[in-house]
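**Q** no sequence for this one, just the structure:
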């Protein structure tokens, strides 16, 4: 069975109700959108916000060089704004994310001035090591070929040093498809309607990536780094940056903590729809290959606005590519016409382009969506540090009740100050922990029993269907058909 059949099976399992993955013709339409974003004349950083005093829409854009210069200034620096109607005013507006460089930004400075203040950032050159020199301009020359049919070429990296990630040289598509450890391993590219993982071998997926014409292609988003020796090889290819190495969920252990790190391989036109990262965690996302487009909304922007409710027409899809090309422009037009009233008061959104070697820091609570402008390879990780502990604890104690009990015991042992803080938050909110709440335990046991019952019923239905096929076709025919489908 070739890559076409493997991909077709994965797509059918992931979105069984979608019969035609090419129905919107975005394979033909997308290159002009991508070309405009990658053009040297396009500023990769832009914003739109509604002035809270006047209700007027204010837009601003920055070149990569200007964004870098701004990142070298104190984080309180403001930038001159420009009216959407081409008029100007004297009001100054924030512009996010802040662009930093690893050689100019010690971890302590990042923690104090950016992470603690919940400010999104782009940190350049982390995979290339501390002594790497910044690339110049907006990297447009690197992506001349990427503008044509989404063909990527690896960016030229700075001088090598001892801290350079092996992924810089191993994670191009040409290297991955021939990687002896990874090419034959199955990676997660979706889930079925029952939440079961859909996997496809990496070499098949890269062939699909290079040849598909789907509107919104499958996307490898795999968190199983520790399942086998081949997946563990990925851990050797990168190092958690010093900015994010405080990982308080690590106290719980790999087997009990929620999924938190992912290996990413995305075809152009794939992406992730707008969301907030779970359990109050912050996230970092490093791109090794290709180009991504991001949009960020501050935590105060209502969910209904961010999701574009009432702006999606009947029959329209809401995948990442539809969000960026259709829904987001509608949201911005509605915000501009709102006069700053209702849900659009204090509206803000920030768009930017991520290039190879750049690491995006998304603080907890910020809405974000990502679109792969070209084929991409990267890694991302969610984490909890002392600086976002309060928000993580508040969400974990109710969202992961049993895990929160184990975590609190570990905090008592290793971080008694944080354990005291967690208890203080519980007292403030009169929150009762799961292990001290018999009613919550009863509900948990009932939910667990219901889940087991549904799994058992599904297994029984499959067995009946298998028996029916054996009766119809004969045992030998069924066995032959199964061998063919598994080959």
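**A** It's in. All values reported here derive from a predicted model rather than from experimental measurement.
**Q** What sits closest to residue 7 if chain neighbours are left out?
**A** Nearest non-adjacent residue to residue 7, counting by CB to CB, 6 or more residues apart in numbering: residue 208, 4.2 Å away. Quick note: C-beta positions are derived from backbone N, CA and C, even for glycine.
**Q** So which bits of the host helix or strand of that neighbour are buried?
**A** Assessed by DSSP states H and E, residue 208 sits inside helix 202-211. Within helix 202-211, the residues scored as buried using 16 or more other CB atoms under 10 Å are 202, 203, 204, 205, 206, 207, 208, 209, 210.
**Q** same check, this time on stretch 192-205
**A** Neighbour count says stretch 192-205 has 198, 199, 200, 201, 202, 203, 204, 205 buried, by 16+ other CB under 10 Å.
**Q** Closest to residue 415 out of the buried residues of helix 202-211?
**A** Each of the buried residues of helix 202-211 was scored against residue 415 by CB to CB, and residue 202 proved nearest at 38.5 Å.
**Q** Isn't residue 265 up against residue 177?
**A** No: distance between residue 265 and residue 177: 10.3 Å, which falls outside the contact criterion (CB atoms under 8 Å).
**Q** By mean pLDDT, point me to the weakest helix or strand of this structure.
**A** Ranked by mean pLDDT, DSSP states H and E, the weakest helix or strand in the chain is strand 79-83, scoring a mean of 37.
**Q** Distance to residue 127 and pLDDT added to the buried residues of helix 202-211, as TSV?
**A** TSV is the format used below for the buried residues of helix 202-211 (distance: CB to CB, whole Å; pLDDT from 0 to 100):
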residue	distance to residue 127	pLDDT
202	20	96
203	24	96
204	27	97
205	23	97
206	21	98
207	26	97
208	26	97
209	21	97
210	24	97
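**Q** re the thing from before, can you put the buried residues of stretch 192-205 in JSON lines and add distance to residue 426?
**A** Listed next are the buried residues of stretch 192-205 as JSON lines, based on distance: CB to CB, whole Å:
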{"residue": "198", "distance to residue 426": "39"}
{"residue": "199", "distance to residue 426": "40"}
{"residue": "200", "distance to residue 426": "44"}
{"residue": "201", "distance to residue 426": "47"}
{"residue": "202", "distance to residue 426": "45"}
{"residue": "203", "distance to residue 426": "50"}
{"residue": "204", "distance to residue 426": "49"}
{"residue": "205", "distance to residue 426": "45"}
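**Q** Max pairwise distance over these: which two?
**A** 198 and 203 (16.6 Å).
**Q** next one: the top helix by length along the chain to chain centre, how far?
**A** Ranked by residue count under DSSP state H, the longest helix found in the chain is helix 438-473. Averaging C-alpha positions (CA atoms, centre = their mean, to the nearest Å) puts helix 438-473 32 Å from its chain's average.
**Q** same question, stretch 343-362
**A** 12 Å.
**Q** and it, average pLDDT?
**A** Computed over stretch 343-362, the mean pLDDT rounds to 96.
**Q** buried stuff in it?
**A** Here stretch 343-362 shows 343-345, 347-362 as buried, counting by 16+ other CB under 10 Å.
**Q** what distance separates the start and the end of it?
**A** One end of stretch 343-362 sits 23 Å from the other (CA to CA, to the nearest Å).
**Q** try stretch 16-35
**A** Span of stretch 16-35 from end to end, CA to CA: 32 Å.
**Q** Which positions within it qualify as buried?
**A** In stretch 16-35, counting by 16+ other CB under 10 Å, buried: 21, 24, 26, 27, 30, 33, 34.
**Q** did I read that right, the first one in a helix?
**A** If I follow you right, that is residue 21. No: with DSSP: H, G, I helix; E, B strand; the rest coil as the criterion, residue 21 is located in coil rather than a helix.
**Q** Roughly how far does it sit from residue 10?
**A** 11 Å (CB to CB, to the nearest Å).
**Q** likewise the second one?
**A** Taking CB to CB as the measure, residue 24 falls 20 Å from residue 10.
**Q** low-scoring pLDDT stretches of the protein, where are they?
**A** 1, 71-93, 130-162, 473-487 (pLDDT under 70).
**Q** sec struct for the closest residue to residue 22 other than its chain neighbours, please.
**A** Using CB to CB, 6+ apart and skipping the chain neighbours, the partner closest in space to residue 22 is residue 213 (5.3 Å). For residue 213, the secondary-structure state derived from three-state DSSP is coil.
**Q** same thing with residue 352?
**A** Per three-state DSSP, residue 352 ends up strand.
**Q** so how many other residues sit close to the closest residue to residue 412 other than its chain neighbours?
**A** Leaving aside its chain neighbours, residue 412 sits nearest to residue 419 (4.4 Å; criterion: CB to CB, 6+ apart). Neighbours of residue 419 under the rule other CB atoms under 10 Å: 17.
**Q** Can you report phi and psi for residue 419?
**A** Main-chain torsions, residue 419, degrees, to the nearest 10: phi -60, psi -40.
**Q** these two touch, right, it and residue 407?
**A** No: counting by CB under 8 Å, residue 419 sits too far from residue 407 to count as a contact (9.4 Å).
**Q** returning to that earlier point: which residues does the helix holding residue 208 contact?
**A** Contacts to helix 202-211, defined as CB atoms under 8 Å, 6 or more residues apart in numbering, come from residues 2-4, 6-7, 173, 176-177, 179, 182-187, 189, 200, 217-218, 220, 265-267, 375.
**Q** In helices, which of those appear?
**A** Filtering those for helices - DSSP H - leaves 3, 4, 6, 7, 173, 176, 177.
**Q** Relative to residue 112, how far out is the fourth one?
**A** To tie it back to what came earlier, the one meant is residue 7. 47 Å.
**Q** quick one, which of the two is more surrounded?
**A** Using other CB under 10 Å as the criterion, residue 7 and residue 112 rank with residue 7 on top: 23 against 13.
**Q** pretty sure the more buried one is touching residue 220, no?
**A** No: in this structure, residue 7 is not within contact of residue 220 by CB under 8 Å, at 11.9 Å.
**Q** Touching both of these two, which residues are there?
**A** By CB under 8 Å, 6+ apart, the residues touching both residue 7 and residue 220 are 200, 205.
**Q** one step back: of residue 265 and residue 177, who's got more company?
**A** Neighbours per residue, other CB under 10 Å: of residue 265 and residue 177, the larger number sits with residue 265, 26 against 17.
**Q** Identify the residues contacting the spatially closest residue to residue 324 that is not a sequence neighbour.
**A** The spatial neighbour of residue 324 that comes closest, neighbours along the chain excluded (CB to CB, 6+ apart), is residue 371 at 4.6 Å. By CB under 8 Å, 6+ apart, residue 371 lies in contact with 269, 270, 271, 292, 293, 320, 321, 323, 324.
**Q** Tell me which two in these are the farthest apart.
**A** Longest span within these, CB to CB: 292 and 323, 13.7 Å.
**Q** Find residues that contact each of these two.
**A** In contact with both residue 292 and residue 323: 271, 371, using CB under 8 Å, 6+ apart.
**Q** picking up where we left off before, columns distance to residue 239 on top of the buried residues of stretch 16-35, output as a markdown table?
**A** Listed next are those as a markdown table, based on distance: CB to CB, whole Å:
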| residue | distance to residue 239 |
| --- | --- |
| 21 | 37 |
| 24 | 40 |
| 26 | 36 |
| 27 | 37 |
| 30 | 34 |
| 33 | 35 |
| 34 | 31 |
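**Q** Helices - which of those land there?
**A** Per DSSP H, those map to helices at 26, 27, 30, 33, 34.
**Q** Just the closest of the residues you listed to residue 334, please.
**A** Among those, and counting by CB to CB, the member closest to residue 334 is residue 33, at 20.6 Å.
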